[in-house]
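[1] could you look at this predicted model? Sequence included:
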Amino acid sequence: METASISIIKKELKNIAPDELQAIVTRLAKYKKENKELLSYLLFDACNEQEYIENVKAEIDEQFSNLNRTSFYLAKKTIRKVLKTTNKYIRFSGSKETEIQLRIYFCQKLKTSGLNYKASRVVFNIYINQIKRINKVLSMLHEDLQYDYREEVENL
């Protein structure tokens, strides 16, 4: 059985009654936690992006507070988990500004974590790749916004 493309799904959704559409969305949210999280973002958080960013930063803080600084292996696992969570929230938003703010915040937290991230090649590569992604997204923004974020990026 072949999956329908997004355009076909969009056309079909236009023909569905609102009650049926609500049932479909509810059913979709039941099957995967990430679907439910995305739906929660779209319904409750999308209207206030700045508050959403602050909530995500608080979650990043919480995850970094659980960072095991005695075992580098466990620290790497935690850092990967934090990055995975950050990427998920960036995907939900879809905003370039939100992406830059969250990636900069992740890098700042990594630098101030007390962990010698330069000692581990894997963790240092994670850090460098985030800087590259920030610069890539930064080049897509308006010049005024680029100027605002450029100083933060240079401090990293």
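    Here it is on my side, so go on.
[2] how many residues are close by F124?
    F124: 14 surrounding residues under other CB atoms under 10 Å. C-beta here means a position set from N, CA and C on the backbone, and glycine is covered the same way.
[3] I should have written Y149 there, sorry.
    By other CB under 10 Å, neighbour count at Y149 equals 18.
[4] quick one, helices of this protein?
    For the chain, helices defined by DSSP state H occupy the ranges 6-14, 18-31, 33-40, 49-65, 72-93, 96-111, 121-138, 143-155.
[5] now the last one: mean pLDDT?
    The one in question is helix 143-155. Taken as a whole, helix 143-155 has a mean pLDDT of 71.
[6] re earlier: highest average neighbour count across the helices of the chain?
    Sort the helices of the chain by mean neighbour count, taking mean count of other CB atoms under 10 Å, and helix 96-111 sits at the top with a mean of 20.
[7] and that helix, what other elements does it pack with?
    When contacts are defined as 3 or more CB pairs under 8 Å, 6 or more residues apart in numbering; DSSP states H and E, helix 96-111 sits against helix 49-65, helix 72-93, helix 121-138, helix 143-155.
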